[in-house]
Every structure is written in C-alpha cells, then in structure tokens.
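> Pasting the sequence and the predicted model now:
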Amino acid sequence: MQITRMITAVDAHAGGEPGRVITAGLPPIPGASVYEKMRWLEANDDGLRRLMLREPRGYPALCCNALVAPSDPRADIGLIIMEQTEYPPMSGSNTICTVTVLLETGILPMVEPVTTLTLETPAGLIAVEAKCAGGKVRAVRFENVPAFALHLDAEIDVPGHGRARVDIAWGGMFYVIADAAQFGLAITPDAGGDLVRLSEALRHAAAEQLPVAHPDNPGLTGPTISQLTGPPTAPGAHGKNAVTVSSGVFDPARPHLLTGVLDRSPCGTGTCARMAVLHARGELGVGQDYVHEGPLGTTFTGRILRETTVGPNRAIVPTLEGQGWITGTANYMLDPSDPFPEGFTASDLWGPSGA
Ligand SMILES: O=C(O)[C@H]1NCC[C@@H]1O
C-alpha cells in the first residue's frame, strides 16, 4: 500500500444531516483567523474538500469539518466547514456533529452534566453548551452569530416557476427563503426531487436579482442556499422547512437536472435566518422557542436570546439546540497512482460537473 495522504475522520449526523469530522491528517493551515484559514484552504488546498466529499469517499449529502488551531485566545478549537460547493462561514448541523465528536472521542474533555466550550468559526466565535450524561452528548446548544433579514417579501422572476415572493436573510449563511405553497408544493418526504429543482432555480434567480453581502465582511456574499417553508407536521413544531444544499452547477437551460440535495436536518443556520425573518415581521419575540422541523420530521429548537444590530440592520442573537450521533470512523487514504486524486462526480447523482 502506498499513501500520499491519510485523513482520519469520525462520521456523525445531526437530525439526519451527515457531518464528517476530520480529527487527524491535516498540516497546519496558515492564517491570522479561522476565516483566513478557510480562505487559505479554499485557495491552496481545495482538493481536500473534494477528496473528502466526492465519490468514492463521499456522497452528495455529505458535509465535512476540519478542526484547526484557533487564532482567538477565547476559543478552544477552530472549525472550518466544507460543503459540496462552498465553505459555509457557519453551520448548525456541522457544529452539532463536531461538538459531539470532540466530546465523545475525548479530543476536548467532557464535563457532566454540562460542558461549555467556544468554537472559532469563519463567521465568528460560537459559545457552546453541551448537555452530557454517561459519556454521551445528549444535546448541543450554541449561541449563533447575529442573524438578520435583508429583504422581506421581495419579488423575483424564477424561470420556469414565474414570479416568486422571497425573503433574504443571514443566519451564518445567506438564505433565500420562500413559502413552498406559492408554487403548489408541500414539504413531504416524497417531494424531494421537486423541492430540490425548485430550490436550485430559486437560489440561482435570487443570487442574480438580489445579491447581498454581509455588512461586517464583504467577502461573505449570497444567497448561496435556499429554504422552502411550510406548515409543521411534527408534534410541537412551529414551522417546517426544506433546505437544499447545492451539490453541482445549476444550469437554467437544464432545470430538470438535480444539482442539490435536501438538508436532511431542520438546518441550524437556516432556522436562525428564518427566526430573523419572523422577528422582523413581529411574529417571533425574544425568549420564545421556535421548534423547526426538517424534511425527515426531526427538529431543532431555536430561541431569540436578545436583539442587536448588524451594520444598519436590526438583528437577533439566536441560540439553536439539537443532538448529534456518531456513526463511524475511518482512515481515508489517497494512493499516488489513484486516477481521481480529488475524487469525482458523475452526472447521474450530481448533475453537471464543475462545482
Ligand atoms: O445546519 C446547517 O446550518 C446546515 N446543514 C447543512 C447546510 C447548512 O450548513
């Protein structure tokens, strides 16, 4: 056996969304902050993301997380999130998976009944409280970066779907959010293909017609991800959503091709963006829980901790709580003669290549 690269990872899921956590095998990554480290990785070693997420080591729904040295002395560890077409500045399901792996494998010490720790993500510092019992993480709650809405009830043209009413909001990523009912769709387990095709067309149209950037960091732009909303079906839930994570390149000339996958979880950053929209409309107040259901019927619980501002925008500081489960561990290897040193995508599962 010959090995060019060996990466040790622990796989986990949160609310169904897979998050692979790289625990060993990365060289030190330069940068004065985790944001800079993420940009360095993107510019200099994007092959790592491709190697871990694409076939034959990955699959379209997979997300991956790299643990790095933090730059901020207040942080215990740094986290760079990698998805199929981007490096999200923050991610709820990936935070829950990462904290579960950090504590259940002993990378960071678990303190029962509550472990507190701080992650440095590209979006900023994230304070975490993990409820732990019997060596297991029972719940992960984190205080997210401030969330805010930049557009409410804006109208855009979505080729193939007509005029659409959308919101654009930040919850750690920039979301285009739309009520699925206006397209005659419901968020049901068997509607996955239709939800993904619509979401990709919506995201593509919104990125062209309503481009946005974060007031504190113009390098964070969007919308890069879409969320369809609908009435809840799970007991105790206040809302339901289907987020689509892009896995390929959407081609408006071939909108029938699947170029994304449903977030299997209720989506943490999407829930925070949705709460910012509801708060801006006066429909969700400080201290109120927002139980958000995903396409599989699993839930995350959000809450508005306090109000704040981001640039000129009214914003909220949300918390998000969910649970993660470890599913396996593996050493991923790259043989120097492997014809696919960055993995590959095939159009049957991934849509057109090029992401
Ligand atoms: O929970 C979240 O925030 C995410 N899940 C996959 C896509 C987003 O990063």
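That came through, no problem. Since the model is a prediction, treat every value here as computed from it, not as a measurement.

> C-alpha from now on. contacts and neighbour counts both.
OK.

> Is the helix or strand hosting T95 positioned near the ligand?
For T95, the element it lies in under DSSP states H and E is helix 92-104. Yes - among the residues of helix 92-104, 92-93 lie within reach of the ligand under Cα under 6 Å from any ligand atom.

> just checking, what packs against that helix?
Other helices and strands packing on helix 92-104, by 3 or more Cα pairs under 8 Å, 6 or more residues apart in numbering; DSSP states H and E, are strand 5-14, strand 17-24, strand 63-68, strand 136-143, helix 268-280, strand 324-334.

> right, and those - which one's nearest the ligand?
helix 268-280 (3.6 Å; Cα to the nearest ligand atom).

> Quick check: mean pLDDT of the helix or strand just after that closest one?
Counting by DSSP H and E, the next helix or strand C-terminal to helix 268-280 is strand 289-293. For strand 289-293, mean pLDDT rounds to 98.

> Give the other helices and strands that strand 289-293 contacts.
strand 239-246, strand 299-310.

> Would you reformat the ones you listed as CSV and include mean neighbour count, distance to the ligand and mean pLDDT?
Formatted as CSV, the helices and strands packed on strand 289-293 follow (neighbours: other Cα atoms under 10 Å; distance: least, Cα to the nearest ligand atom, whole Å; pLDDT from 0 to 100):
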stretch, mean neighbour count, distance to the ligand, mean pLDDT
strand 239-246, 27, 6, 98
strand 299-310, 20, 9, 98
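
> residue contacts, the most centrally placed residue in the chain?
Nearest to the geometric centre of the chain sits S91, at 3.8 Å (Cα atoms, centre = their mean). Residues in contact with S91, defined by Cα atoms under 8 Å, 6 or more residues apart in numbering, are 81, 172-173, 267-269.

> Equivalent analysis for L67, please.
Applying Cα under 8 Å, 6+ apart, the residues near L67 are 21-23, 77-80.

> can you list the residues of the protein near the ligand?
Looking at the ligand, the residues of the chain close enough under Cα under 6 Å from any ligand atom are 91-93, 245, 263, 267-270.

> For stretch 335-353, buried residues please.
For stretch 335-353, burial by neighbour count (16 or more other Cα atoms under 10 Å) applies to 341-345, 349-352.

> ok, so of these, who is nearest S33?
Nearest to S33 among the buried residues of stretch 335-353: E342, at 26.2 Å, using Cα to Cα.

> Model confidence for that closest one, exactly?
For E342, the model assigns a pLDDT of 97.

> The residue lying closest to it once chain neighbours are set aside in helix, strand or coil?
Spatial nearest neighbour of E342, excluding adjacent residues (Cα to Cα, 6 or more residues apart in numbering): L51 at 4.4 Å. Put simply, L51 is helix when judged by DSSP: H, G, I helix; E, B strand; the rest coil.

> Outline the domain layout of this structure.
Following the assignment in automatic domain parsing, the chain carries domains at 5-143+325-350, 148-321.

> hang on, the earlier thing: mind putting the residues of the chain next to the ligand into TSV with distance to K136?
Shown next, in TSV, are these (distance: Cα to Cα, whole Å):
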residue	distance to K136
S91	22
G92	19
S93	17
V245	29
D263	25
C267	22
G268	21
T269	24
G270	26
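
> For stretch 67-74, buried residues please.
67-72.

> same question, stretch 285-299
Here stretch 285-299 shows 285, 289-299 as buried, counting by 16+ other Cα under 10 Å.

> Contacts for it, please.
Everything outside stretch 285-299 that qualifies as a contact, by Cα under 8 Å, 6+ apart, is 15-16, 187-189, 232-234, 236-242, 262-267, 271, 275, 279, 300-307, 322.

> what bridges to H214?
N217 (DSSP bridges).

> so how far is L150 from it?
According to Cα to Cα, to the nearest Å, H214 stands 10 Å off from L150.

> any low-confidence regions in the protein?
354-355 (pLDDT under 70).

> How about the secondary structure of G47?
Strictly by three-state DSSP, G47 counts as helix.

> Identify the residues contacting it.
341-342.

> Can we start the residue count at 10 from this point?
In the new count, where the first residue is 10, that last one comes out as G56.

> how much space between it and E351?
Applying Cα to Cα, the value for G56 to E351 is 5 Å.

> can you check D55 too?
9 Å.

> still on that earlier bit, give me whichever of the helices and strands packed on helix 101-113 is most buried.
helix 277-289 (a mean of 27; mean count of other Cα atoms under 10 Å).

> Would you mind giving the orientation angle of it with respect to helix 101-113?
Counting by axes from the mean of the first three to the mean of the last three Cα atoms, to 10 degrees, helix 277-289 lies at 130 degrees to helix 101-113.

> How about D225: what's its closest non-neighbour residue?
Leaving aside its chain neighbours, D225 sits nearest to G320 (6.9 Å; criterion: Cα to Cα, 6+ apart).

> before we move on, what about A70?
V270 (6.0 Å).

> And for that neighbour, the neighbour number?
26 (other Cα atoms under 10 Å).

> What residues are bridge-paired with it?
V254.

> So what touches stretch 327-339?
Taking Cα under 8 Å, 6+ apart as the rule, stretch 327-339 contacts 17-24, 101, 105-106, 109-110, 146-156, 277, 281, 284, 308-315.
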